[in-house]
Structure formats: structure tokens, C-alpha cells
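>>> One predicted model, sequence on top.
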Amino acid sequence: MPPAGLSPVGLGLAFLASVAAGAANALAGGGTLLTFPTLIALGIPAVAANVTNTIAVAPGHLGATLAQRRELAGQRRRVLVLVPAAVAGGLVGGLLLLFTSESVFRRLVPFLILLASALLAVQERLRAGLLRRLAADGGLTAPGGGPRGEALAFLPVLGASIYGGYFGAGLSVIVLATLGLLLDDTLTRLNATKQVIGFAANAAAAALFLFSGQVYWIVALVMAVGAVAGGAMGGRIASRVRPSTLRLVVVTIGAVVGLAYLARG
């Protein structure tokens with residue numbers, strides 16, 4: 001019997017979850033905390049659910065990257081240094097996922113969801129801390145970086161991207177923290193760099209997953225459409241919804257789901 005995710009009702013639920021995730025990503029982040037548990041609830045095996053989710057959210061990463069292309073001006077050297085780390089990390093993380101047994105990954109799922117929820121919960125506090133640091137260091141008025149900072153960021157970005165290729169939720173928080181600590185630049189420009197790194201890691205893993213035989217293609221396509229629609233909707237209602245409120249809702253959902261999985265063993 002095929003999982004419910006392939007039925008019209010299941011596809012409808014996956015679509016609604018992806019719309020909500022797209023809007024959440026546009027406003028506060030953490031969309032995977034909505035889509036991934038939905039796919040598992042629909043009966044899709046955990047590894048296949050993660051693979052399918054990665055494929056589905058790839059267009060959203062591309063859209064976010066293109067939306068910030070102006071802030072990437074003058075960052076060619078930085079991108080050339082850090083994107084290879086992101087691609088390599090995404091591939092390694094993707095391979096680790098494909099070689100993880102279903103039973104082992106299911107045991108890891110609660111901890112991955114709780115980790116992602118925690119990262120999302122501290123996102124704004126981390127951003128505020130980075131702003132204070134950059135202001136104190138003069139980074140808000142003197143964009144730059146230097147080869148040394150970028151070289152130092154290579155291994156942390158590689159490690160973060162391995163996590164991103166393996167699961168993905170919360171990757172942007174880890175990368176932004178790394179860039180903010182090691183590079184001297186404005187938060188706007190560092191955020192654009194973060195988007196490129198996140199897209200590169202996600203795209204590398206997604207390219208690997210295309211040939212894995214683990215993708216539920218109908219579900220992935222339906223979710224991709226929903227995520228794009230949700231992202232557009234999120235952009236339109238941004239002035240009427242407080243990102244902090246939405247973030248709290250997503251974090252709460254993620255924490256409840258993670259604890260429920262943990263309780264079920």
C-alpha cells in the first residue's frame with residue numbers, strides 16, 4: 001500500500017504544509033520544521049522524507065539568493081573561496097544521509113528537529129549580537145573581509161554545509177554566526193553570502209538526491225509549487241505579521257514534534 005503522501009488528501013496536506021513553510025521562510029525561517037514532520041506523518045520513510053523535502057525547497061533557496069544579488073557585489077573572491085566548501089559539504093552530508101539506515105535516521109530525527117528548533121529560537125538574539133559586534137568593530141561602515149578571514153571560514157562553512165546536506169534546518173543560523181565571527185562586513189552583505197552558501201549546499205545535496213531513488217517526485221513537485229506560493233504570500237503580508245510571533249509558533253511546533261518523536265522512541 002503506498003504511503004498517504006501519494007493520495008490526493010496526502011498531496012493536499014503536503015501542499016498546505018509547504019505553503020506555510022514558504023511563508024515562514026520568507027518571514028522568520030524554519031520552514032523545514034513544518035514540512036519534514038508532515039511528510040513523515042503521511043507515511044513517507046524518514047530518509048526519503050528528508051530527501052524529498054530537500055528537493056522541494058531548492059527553488060526557494062535559489063529565489064532567496066537571487067533576491068539578494070545586489071548585496072553580493074564586490075564579494076567575488078569570498079564566494080569563490082566559500083562556495084566550494086559549501087558544495088563539498090552538501091555532497092558529503094547528502095552521502096552520509098543516503099548511507100544512514102532508516103532505523104538509525106529515525107532515532108536521530110527527534111534530536112535533529114530539536115536542534116533546528118533551538119537554532120531558530122536563538123536566531124534573533126544571535127543577529128542582535130552580531131550587529132553589536134560589527135558596529136563595535138566598524139564593520140557597519142567599512143565593508144571588507146580579507147583573505148585570512150575567508151580562509152578561516154572555509155572549514156566552519158564546510159562543517160556547517162555537511163550538516164546542511166544531511167538535514168538542513170537551521171543551516172542559515174550556523175553559517176551567519178560563522179561569517180559574523182570571522183569576517184568584517186555589514187550584516188546585509190554577510191546575509192547575502194549566507195544565502196549563496198545555503199543555496200550551494202542545498203543544491204549540491206539535491207543534485208545528489210536526484211539519482212538516489214528516494215525522491216517522491218509528485219510530492220516534491222507539489223511542495224515546490226506550494227513553497228514558492230507561500231514565499232510570495234509571505235512577502236506580501238510581511239508588514240502585517242510579526243516575524244518574532246511566527247518564529248515562536250514554528251519553534252513551538254518543532255519542539256512539540258521533536259519531543260513527541262523522542263517520547264515515541
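Perfect, I can see it now. Numbering: from 1, shown residues only.
>>> following whichever strand or helix holds Q195, which helix or strand shows up next?
Using DSSP states H and E, the element containing Q195 is helix 187-209. As assigned by DSSP H and E, the chain's next helix or strand after helix 187-209 is helix 217-236.
>>> For that next one, buried residues please.
When burial is assessed from 16 or more other C-beta atoms under 10 Å, helix 217-236 yields the following buried residues: 219-220, 222-228, 230-231, 233-234. Every residue, glycine included, has its C-beta placed from N, CA and C.
>>> and which of the residues you listed is nearest I253?
G230 (15.3 Å; C-beta to C-beta).
>>> Could you point out which residue ranges in the stretch 1-150 of the chain have low pLDDT?
In the predicted model, the stretch 1-150 of the chain carries pLDDT under 70 at residues 1-5, 28, 134-148.
>>> Show me where it has its strands.
Ranges of strands in the stretch 1-150 of the chain, per DSSP state E, counting those that start in this stretch: none exist.
>>> Show me where it has its helices.
8-27, 32-41, 46-67, 76-98, 102-121, 123-137, 147-166 (DSSP state H, counting those that start in this stretch).
>>> TSV please, covering the ones you listed and showing distance to G180 and mean neighbour count.
Converted to TSV, the helices of the stretch 1-150 of the chain look like this (distance: least, C-beta to C-beta, whole Å; neighbours: other C-beta atoms under 10 Å):
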stretch	distance to G180	mean neighbour count
helix 8-27	20	22
helix 32-41	22	25
helix 46-67	18	22
helix 76-98	14	20
helix 102-121	14	18
helix 123-137	4	14
helix 147-166	10	20
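>>> before we move on, back to that, identify each buried residue in the helix holding Q195, please.
Neighbour counts over helix 187-209 (16+ other C-beta under 10 Å) mark 187, 189-206, 208-209 as buried.
>>> now the helices of the stretch 1-150 of the chain in CSV, with distance to A260?
Listed next are the helices of the stretch 1-150 of the chain as CSV, based on distance: least, C-beta to C-beta, whole Å:
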stretch, distance to A260
helix 8-27, 16
helix 32-41, 9
helix 46-67, 14
helix 76-98, 22
helix 102-121, 8
helix 123-137, 23
helix 147-166, 22
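>>> Can you check which of these gets nearest to I174?
Smallest distance to I174 across the helices of the stretch 1-150 of the chain (C-beta to C-beta): 4.4 Å, for helix 147-166.
>>> Point out the other elements, helices or strands, that the closest one touches.
The contact analysis (3 or more C-beta pairs under 8 Å, 6 or more residues apart in numbering; DSSP states H and E) places helix 147-166 against helix 76-98, helix 171-182, helix 187-209.
>>> And those: which comes nearest F15?
helix 187-209 (19.4 Å).
>>> for the record, mean pLDDT for the closest one?
Per-region confidence: helix 187-209 scores 88 on mean pLDDT.
>>> re the thing from before, okay, the helices and strands packed on helix 147-166 in CSV with distance to L130 next?
Conversion of these to CSV gives the following (distance: least, C-beta to C-beta, whole Å):
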stretch, distance to L130
helix 76-98, 17
helix 171-182, 4
helix 187-209, 6
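>>> of those helices, which approaches I55 most closely?
helix 187-209 (5.3 Å).
>>> quick one: the closest one to chain centroid distance?
Taking the mean of its C-alpha atoms, helix 187-209 sits 9 Å from the chain's own mean (C-alpha atoms, centre = their mean, to the nearest Å).
>>> what do you get for stretch 122-136?
Stretch 122-136 has its C-alpha centroid displaced from the chain centroid by 20 Å (C-alpha atoms, centre = their mean).
>>> Tell me how far the residue nearest to G22 when sequence neighbours are not counted lies from R69.
Once flanking residues are discounted, G22 sits nearest to G230: 2.5 Å by C-beta to C-beta, 6 or more residues apart in numbering. As for G230, its distance to R69 is 22 Å (criterion: C-beta to C-beta, to the nearest Å).
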